[in-house]
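Peer 1: from the sequence below, what's the structure:
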Amino acid sequence: MNASIATIVIVPVLAVVAPVLARIVGRVAAIPLVVFEIVLGLLVGPSLLGWVPESDGLAAFANIGLAFLFFMAGNEIDFSAIRGRPLRRASLGWLVSLVAGVLLAAVLAPSFIAAVYIGIALTSTALGTLMPVLRDAGELRTPFGLAVTAVGAVGEFGPLLAISLFLSGRRPVTAALVLVGFAVVSAAAIWFASRGGHRGFHRLVRATLHTSGQFAVRFVVLVIAALIGLSLALGLDMLLGAFAAGVVCRILLSGADEPDRKLVDGKLEAVAFGVFVPIFFINTGVGFDLGALLADPRSLLLLPIFLVLLLIVRGLPGSLAAPRGSTLADRASLTLFSATGLPIIVAVMSIGVEDGDVPSGTATALVGAGMLSVLLFPLLALLLRRGSSDGGARPADHDEVPIVG
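Peer 2: The predicted structure is shown next:
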C-alpha cells in the first residue's frame, strides 16, 4: 500500500481504537487516553511495524494538534480560581525547578548551553495533556485539580518565556523587548475581550450555532492562526501564541449566554480532542526513534536518569502548590502530575538539535523520558488519589464541583 494512503487510513483508525482500548482497560485500571495514542503510534511507526512512515504531511497535522492542545489549555484555565496561593506557590516552585534543572543538567550536558536547553525542558509540565485526564477523572474543579492546573499553567507558560528569552538566538535584552511587544498585543486583545458587550458578536455566534456557518469555531481558528502567526513573525515559539489565543477566546466567549457558551465549548473540544490532538500524540509515537535509543548505550542510560530528574526537578517543587490539608498521597500525586511533560520537551529538544547545541542521542533520551512520564505518571497519580483526603470521590459532572479556596 502507498505510504501516504496508509497514513491517511491508519492514523484515523488508531484515533478510534485508542478510546475503545482506554474504555476496556479502564474497567481494570484508569490509564490516560494519551498512553494508548502514543503506544499505538509507536507500534505502527518505523521503529516497529513500519506501516506509517514519518512525513511532512503528518507532521503538519501534528503541529496543528499541538497548537490546539495549548489553545485548549489556555481556554480551560480559570485564572480567577487559581490566583492567590495556588498560583504563587506554583510560580515559586517553577523558579526552583529552573535553577535546579540547569544546575543538575550541567553535570550531564557536554556544554553549558546544552545544560540550559535540558534545564528548561525539565521545568515543563504538560498541562494540555493533563487537562483531559483531570476532566475525565472529575478533578478539573476540585481543590486538587486547581492545584494541578496552577502548576501546569506555570509549567507551560514559564518554559515558553524561557525559550523566547534564552533560546531565540537574540540577545536577552532584545528578546525581552520582542516578548514585551507580543505581551502588549496579547494584553490588548485580552482587554478588548474583557470589556463586555460584544452583543453583535454573540448574536452572530448564536445565529450560526446550528448552521454551516459555525461562526464561533471559525473565529476561534482565526484567533489561533493570528496569534501563532504573530509569535512566529516575532521569532517566538508558536505555542506561546496558541496559549494566548486560548485565554483571549475564553474571555471573549464568557459573555455569551450559558447554553451557547457550553455548546461552543463542546464544538471546540470536538475539533481539538476529536480530530487534531490525537494526531499529535500518535505522531509522537510514530516519530520516536526506538532503534537509535536502544543502539546507543549512553542514551539508554540517560533515559531513566532524565525520568528521575523530572520527578526531582519538576515534581517535588510542584508539590509546593498542594492544597491545605493534603495527605501524603495528595502530595505524591501532585508530584507525579507536575513531573508529566512532553510537548515542550519535544519543542526544546528540536530547537537544541537543529542549532547543534544538544546531541541527538541526549535529545532522544529526554524525549523518551517525557514519553514515559506521560505513559506512567498520570496513571500512578490517579491511583494515589484514591487514597486522598476526600477518599477519591468525584461527582459525575465536573462543572458542578464547588471551588474551595
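Peer 1: show me what the lengthiest helix in the chain packs onto, helices and strands only.
Peer 2: Ranked by residue count, the top helix of the chain under DSSP state H comes out as helix 360-385. Contact analysis of helix 360-385 by 3 or more C-beta pairs under 8 Å, 6 or more residues apart in numbering; DSSP states H and E lists helix 33-44, helix 112-122, helix 127-136, helix 290-295, helix 297-309, helix 328-338, helix 343-354 as its packing neighbours. Glycine gets a C-beta too; all of them are placed from N, C-alpha and C.
Peer 1: buried stuff in the fourth one?
Peer 2: Counting neighbours by 16 or more other C-beta atoms under 10 Å, one finds that the buried residues in helix 290-295 are Leu293.
Peer 1: chain center to it: distance?
Peer 2: Offset of helix 290-295 from its chain centre (C-alpha atoms, centre = their mean, to the nearest Å): 26 Å.
Peer 1: for it, C-alpha coordinates in CSV please.
Peer 2: Provided in CSV are the C-alpha atoms of helix 290-295 (Å, rounded to 0.1, in the frame of the first residue of the first chain):
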residue,chain,number,x,y,z
LEU,A,290,13.4,3.5,19.4
GLY,A,291,16.2,1.8,17.4
ALA,A,292,18.6,4.7,17.8
LEU,A,293,17.9,4.8,21.5
LEU,A,294,18.5,1.1,22.0
ALA,A,295,21.6,1.2,19.9
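Peer 1: list the neighbours of it that are in contact with it.
Peer 2: Applying C-beta atoms under 8 Å, 6 or more residues apart in numbering, the contact partners of helix 290-295 are Leu42, Ser47, Leu48, Ser299, Leu300, Leu303, Ser360, Gly361, Thr364, Ala365, Gly368.
Peer 1: and what of stretch 318-332?
Peer 2: Against stretch 318-332 from outside (C-beta under 8 Å, 6+ apart): 85-86, 89-90, 92-94, 96-97, 125, 143-144, 146-147, 150-151, 155, 334-335, 337-339, 381, 384-385, 387-389, 404.
Peer 1: for the stretch 101-250 of the chain, give me the ranges with low pLDDT.
Peer 2: 168-170, 197 (pLDDT under 70).
Peer 1: out of the contacts of helix 290-295, which are buried?
Peer 2: Leu42, Ser47, Ser299, Leu303, Gly361, Thr364, Ala365, Gly368.
Peer 1: need the contact list for the second one.
Peer 2: By C-beta under 8 Å, 6+ apart, the contact list for Ser47 reads Phe288, Asp289, Leu290, Gly291.
Peer 1: ok, Thr149 touching Glu139?
Peer 2: No: applying C-beta atoms under 8 Å, one finds Thr149 not in contact with Glu139, separated by 9.4 Å.
Peer 1: picking up where we left off before, now the contacts of helix 290-295 in JSON lines, with pLDDT and distance to Phe166?
Peer 2: As requested, the contacts of helix 290-295 are exported to JSON lines (pLDDT from 0 to 100; distance: C-beta to C-beta, whole Å):
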{"residue": "Leu42", "pLDDT": "92", "distance to Phe166": "32"}
{"residue": "Ser47", "pLDDT": "90", "distance to Phe166": "32"}
{"residue": "Leu48", "pLDDT": "92", "distance to Phe166": "37"}
{"residue": "Ser299", "pLDDT": "89", "distance to Phe166": "25"}
{"residue": "Leu300", "pLDDT": "92", "distance to Phe166": "29"}
{"residue": "Leu303", "pLDDT": "94", "distance to Phe166": "25"}
{"residue": "Ser360", "pLDDT": "85", "distance to Phe166": "21"}
{"residue": "Gly361", "pLDDT": "88", "distance to Phe166": "23"}
{"residue": "Thr364", "pLDDT": "89", "distance to Phe166": "22"}
{"residue": "Ala365", "pLDDT": "92", "distance to Phe166": "22"}
{"residue": "Gly368", "pLDDT": "90", "distance to Phe166": "24"}
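Peer 1: the spatially closest residue to Val348 that is not a sequence neighbour and Ile224: what is the separation?
Peer 2: Sequence neighbours aside, Ala121 is the residue nearest to Val348 in space, at 4.2 Å (criterion: C-beta to C-beta, 6 or more residues apart in numbering). Note on Ala121: its distance to Ile224, by C-beta to C-beta, to the nearest Å, is 24 Å.
Peer 1: same check on Phe36?
Peer 2: With C-beta to C-beta as the criterion, Phe36 and Ile224 are 26 Å apart.
Peer 1: and if you look at Ala256?
Peer 2: Ala256 is 18 Å from Ile224, by C-beta to C-beta.
Peer 1: now Arg88
Peer 2: In terms of C-beta to C-beta, Arg88 sits 30 Å off from Ile224.
Peer 1: could you do Gly356 as well?
Peer 2: For Gly356, the distance to Ile224 - C-beta to C-beta - is 31 Å.
Peer 1: number of residues surrounding Gly374?
Peer 2: In this structure residue 374 is Val, not Gly. Number of residues near Val374 (other C-beta atoms under 10 Å) recorded here: 26.
Peer 1: and the residue lying closest to Ile163 once chain neighbours are set aside, its phi and psi?
Peer 2: The spatial neighbour of Ile163 that comes closest, neighbours along the chain excluded (C-beta to C-beta, 6+ apart), is Asp237 at 5.2 Å. Torsion angles at Asp237 (phi, psi; degrees, to the nearest 10) stand at phi -70, psi 140.
Peer 1: Asp237 and Leu160 touch, don't they?
Peer 2: Yes: counting by C-beta under 8 Å, Asp237 does reach Leu160; the two are 5.7 Å apart.
Peer 1: of the two, who's got more company?
Peer 2: Of the pair Asp237 and Leu160, Leu160 is the one with more neighbours under other C-beta under 10 Å, namely 26 against 23.
Peer 1: contacting residues around that one?
Peer 2: By C-beta under 8 Å, 6+ apart, Leu160 lies in contact with Asp237, Leu239, Leu240, Phe243, Ile344.
Peer 1: let's have those in TSV, adding distance to Val52.
Peer 2: Conversion of those to TSV gives the following (distance: C-beta to C-beta, whole Å):
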residue	distance to Val52
Asp237	27
Leu239	25
Leu240	30
Phe243	29
Ile344	24
